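Undergrad: I need the structure of the sequence given here:
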Amino acid sequence: MDPILVSQEGAIARITLNRPSRRNALDPAAWQLLRATVGKLAEDSTVRVVVLSGADGSFCAGSDLGGPKDEHPLERMRRLNNAALAVHEFPKPLIARVDGPAVGAGANLALACDFVVASPAARFGEIFAKRGLSVDFGGSWLLPRLVGLQQAKRLLMLADVIEAEEARELGLVTWLKPAAELDEFVTDLAGRLAALPPVAVSQSKALLHQGADQTLRQALDNEARAQAVNLATEDVPIAYRAFLDKVAEPSYTGRWAVR
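TA: Numbering: from 1, shown residues only. Here you go, the predicted structure:
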């Protein structure tokens with residue numbers, strides 16, 4: 001059974017974590033495969049949006065702690081960290097569809113996505129402390145930025161599993177939708193994102209990530225450089241004509257216009 005499934009329809013790709021017998025916990029080989037898959041989709045110009053979900057009612061139970069013990073823990077962590085970097089640095093919109101538990105590294109995998117769309121069945125847990133472990137998959141960097149330092153300490157030190165509604169209130173979930181509406185909402189959201197100018201959207205995402213650790217002056221300089229790139233694409237004149245002609249859904253190409 002392939003641990004990572006990939007499909008594509010139009011500009012929308014879907015990654016499914018597919019280890020249902022382990023609640024989609026990923027072993028080192030599966031983390032490595034996830035990294036490779038994300039890297040391939042990042043370079044595929046036909047893909048504009050990616051939806052990440054888990055098979056059979058679970059999102060991801062984190063890292064599979066079973067399996068061979070002959071590999072040094074540092075090697076296992078390097079594979080995990082490489083996967084985390086690939087997800088965090090993915091240059092296109094990434095949507096987590098969560099309809100079940102997302103715990104440990106699985107919780108931080110979901111939170112590393114740009115948007116988290118969850119059903120009431122979703123659960124989120126930074127359960128590391130209950131396994132004698134400290135946080136990983138970038139949670140120490142990400143959680144304080146999402147919920148503030150005090151709430152991040154609560155989630156990590158107490159290691160409680162929280163309900164979807166509380167996760168939404170904390171800002172960990174972008175949208176909470178009934179299970180029957182989840183897939184339709186995610187598909188519509190992915191379609192809306194795919195219809196936007198791909199270069200501009202990618203640059204805005206990068207600017208937000210970079211801006212978290214920059215001064216205002218540095219952020220403004222980066223914004224200026226990004227706008228110069230946008231103005232050299234076909235999408236700016238397409239958007240301008242659509243505005244003048246009152247076209248509701250223009251077709252953006254993302255192509256370089258300077259010759």
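
Undergrad: low pLDDT regions in the chain?
TA: 67-69, 259 (pLDDT under 70).

Undergrad: For it, which segments are assigned as strands?
TA: Along the chain, counting by DSSP state E, strands occupy 4-9, 12-17, 49-54, 94-98, 101-103, 115-118, 123-125, 161-163, 175-176.

Undergrad: Any chance of a markdown table for these, columns mean neighbour count?
TA: Quick note: C-beta positions are derived from backbone N, CA and C, even for glycine. A markdown table is the format used below for these (neighbours: other CB atoms under 10 Å):
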| stretch | mean neighbour count |
| --- | --- |
| strand 4-9 | 14 |
| strand 12-17 | 22 |
| strand 49-54 | 26 |
| strand 94-98 | 27 |
| strand 101-103 | 27 |
| strand 115-118 | 25 |
| strand 123-125 | 23 |
| strand 161-163 | 16 |
| strand 175-176 | 17 |
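
Undergrad: Name the stretch from the ones you listed that approaches residue 225 most closely.
TA: strand 94-98 (23.4 Å; CB to CB).

Undergrad: relative to strand 49-54, how tilted is the closest one?
TA: Relative orientation of strand 94-98 and strand 49-54, computed by axes from the mean of the first three to the mean of the last three CA atoms, to 10 degrees: 30 degrees.

Undergrad: on that earlier part again, export the strands of the chain as CSV, with columns for distance to residue 188.
TA: Shown next, in CSV, are these (distance: least, CB to CB, whole Å):
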stretch, distance to residue 188
strand 4-9, 13
strand 12-17, 11
strand 49-54, 11
strand 94-98, 11
strand 101-103, 22
strand 115-118, 10
strand 123-125, 23
strand 161-163, 25
strand 175-176, 11
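
Undergrad: if I pick residue 157, what's in contact with it?
TA: residue 129 (CB atoms under 8 Å, 6 or more residues apart in numbering).

Undergrad: So which of the strands of the chain is nearest residue 70?
TA: Each of those has some distance to residue 70 by CB to CB; the shortest is strand 4-9, at 23.5 Å.

Undergrad: Counting by contacts, list what the closest one packs against.
TA: Strand 4-9 sits against strand 12-17, helix 28-43, with contacts defined as 3 or more CB pairs under 8 Å, 6 or more residues apart in numbering; DSSP states H and E.

Undergrad: Pick the most deeply packed of the ones you listed.
TA: strand 12-17 (a mean of 22; mean count of other CB atoms under 10 Å).

Undergrad: Return the list of strands paired to that one, each annotated with direction.
TA: strand 4-9 (antiparallel), strand 49-54 (parallel) (DSSP bridges).

Undergrad: Measure how the first one sits relative to helix 28-43, angle-wise.
TA: So that's strand 4-9. 20 degrees.

Undergrad: need the helices and strands packed on strand 4-9 in JSON lines with distance to residue 194, can you?
TA: Formatted as JSON lines, the helices and strands packed on strand 4-9 follow (distance: least, CB to CB, whole Å):
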{"stretch": "strand 12-17", "distance to residue 194": "6"}
{"stretch": "helix 28-43", "distance to residue 194": "13"}
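
Undergrad: of all the ones you listed, which lies closest to residue 183?
TA: Closest among the helices and strands packed on strand 4-9, using CB to CB: strand 12-17, at 10.7 Å.

Undergrad: So what's the gap between the closest one and the chain middle?
TA: Centroid displacement of strand 12-17 relative to its chain, using CA atoms, centre = their mean, to the nearest Å, is 11 Å.

Undergrad: I'd like to check what contacts it. Which residues are they?
TA: Everything outside strand 12-17 that qualifies as a contact, by CB under 8 Å, 6+ apart, is 3-8, 24, 26, 30, 34, 37-38, 41, 44, 47-55, 59-60, 187, 190-191, 194.

Undergrad: quick one: the residue most central in space within the chain and residue 70, what's the gap?
TA: Closest residue to the average C-alpha location of the chain: residue 113 at 1.7 Å, with CA atoms, centre = their mean. Distance from residue 113 to residue 70, counting by CB to CB, to the nearest Å: 33 Å.
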